[in-house]
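Novice: For reference, the sequence and a predicted model appear below.
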Amino acid sequence: MAHKVTLIPGDGVGPEIAQAARRVIDASGTNIEWEVVEAGEALIPQYGTPLPGYVLDSIRRNRVALKGPITTPVGGGFRSVNVTLRQELNLYANVRPARTLPGIVTRYQNVDLVVVRENTEDLYAGIEHRVGTDAAESIKIITRQASERIARFAFELARKQGRKKVTAVHKANIMKLTDGLFLECARKVAREYPDIVFEDMIVDAMCMKLVQAPENYDVLVLPNLYGDIVSDLCAGLVGGLGVAPGANIGHEVAVFEPVHGSAPKHAGKNRINPLAMILSGIMMLQHLGEDEAANRIYEAVLAVLREGKALTYDLGGSAGTSDMADAIISKMQA
Ligand code: NAD
């Protein structure tokens, strides 16, 4: 039976990597019926919004989406489509694995951790205003409900993936009430999981420790903003944004997307690394129960990386986006 999946190509480099991922997934032997829907700034003249209702309808109907990045104007303009989508669909958990891959030169070996980022509140709630002309305020929202929910998600993920430790990351020494509540909730939930080691760490110290000895960490659970920043740091530990996949998970639906953005300066040049999107596609297949197809693609990705011939610029090669997709497909067919 075919799985119906919403595909949002996005803008900037989105359409190129979406095309690459779609071809790779289609070649893996799984049966996906893609429903392609567009979102982003280009839709505003026609629909008056970068996120027309049909996008949310399609995701709600199919329950699973693969999404390319969507540009957000800086310092003004419309609200982030990505953030709106996560809030509208209550995609409360953002899961971003960072794992050492063969053939990619980095300073580290044996990194294998998962960043679990709360995805609906914190400073990302977008409640901010100017106070006169010379000041501005942003309100940080942390609730017990969302904090316990994300902590429980992190512990459940640890159990499911056979992981040993959850580290809650915060700044509760300074933000005693907001981050204090997040930490209180994490500690409470931790007591329900005596089989998993629990520790907490202040976010600045966490950053230092991650660049010193990332192999000491397993599952990190963080409020939204720290999760955003620390997950890019973790991407850097294993080869950069080009290889960093992600998933936004809710009770009803799940949207899979790379950690990186629309990288506008590379758009239309067929040079961006499609692996973050392809690895996000693998996470999507696992979510759909298509483990065989997911493994087939993953093994082909590893083979291409080990061989080192069809690598994009960020991994030290000169292959194009489509060349890398072709190489992965031919490994699956070999
Ligand atoms: P970015 O992630 O788009 O790119 C930063 C740099 O990282 C790029 O210039 C490139 O050098 C490198 N890079 C990113 N992805 C790569 C890949 N697949 N292969 C090789 N190199 C890669 O970050 P940015 O420039 O800060 O943001 C651009 C736009 O994307 C902004 O409008 C931002 O709001 C948006 N954004 C969207 C999402 C999303 O859709 N979920 C996420 C992050 C940023």
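Specialist: Now that the structure is in, tell me what you want to look at. Here the structure is a predicted model, which is why all the values come from computation and not from measurement.

Novice: Name the residues that touch stretch 130-140?
Specialist: Defining contact as Cβ atoms under 8 Å, 6 or more residues apart in numbering, one finds that stretch 130-140 is touched by Asp122, Leu123, Ala125, Ile127, Glu128, His129, Met175, Thr178. Where C-beta positions appear, they are placed from N, C-alpha and C, glycine not excepted.

Novice: What of stretch 14-21?
Specialist: Taking Cβ under 8 Å, 6+ apart as the rule, stretch 14-21 contacts 7-10, 40, 66, 68-70, 258, 262, 267-268, 270, 272, 274, 276-278, 280-281, 321-322, 324-325.

Novice: and the residues you listed, which are buried?
Specialist: Buried by 16 or more other Cβ atoms under 10 Å: 7-10, 40, 66, 68-70, 258, 262, 267, 270, 272, 274, 276-278, 280-281, 321, 324-325, out of the contacts of stretch 14-21.

Novice: Taking the stretch 201-334 of the chain, what residue is nearest to the ligand?
Specialist: Gly261 (2.3 Å; Cβ to the nearest ligand atom).

Novice: Which elements pack onto the host helix or strand of Pro45?
Specialist: Counting by DSSP states H and E, the element that carries Pro45 is helix 44-47. The contact analysis (3 or more Cβ pairs under 8 Å, 6 or more residues apart in numbering; DSSP states H and E) places helix 44-47 against no helix or strand.

Novice: and it, average pLDDT?
Specialist: Average pLDDT, helix 44-47: 93.

Novice: so Val169 touches Ala205, yeah?
Specialist: No - here Val169 lies out of contact with Ala205, judged by Cβ atoms under 8 Å, at a distance of 9.1 Å.

Novice: Specify which residue of those two has the higher count of neighbours.
Specialist: Shown here are Val169 and Ala205; by other Cβ atoms under 10 Å, Val169 has more neighbours (29 against 10).

Novice: Just the pLDDT for the more buried one.
Specialist: 98.

Novice: Same question for Val74.
Specialist: Confidence at Val74, expressed as pLDDT, is 85.

Novice: Thank you kindly, that will do.
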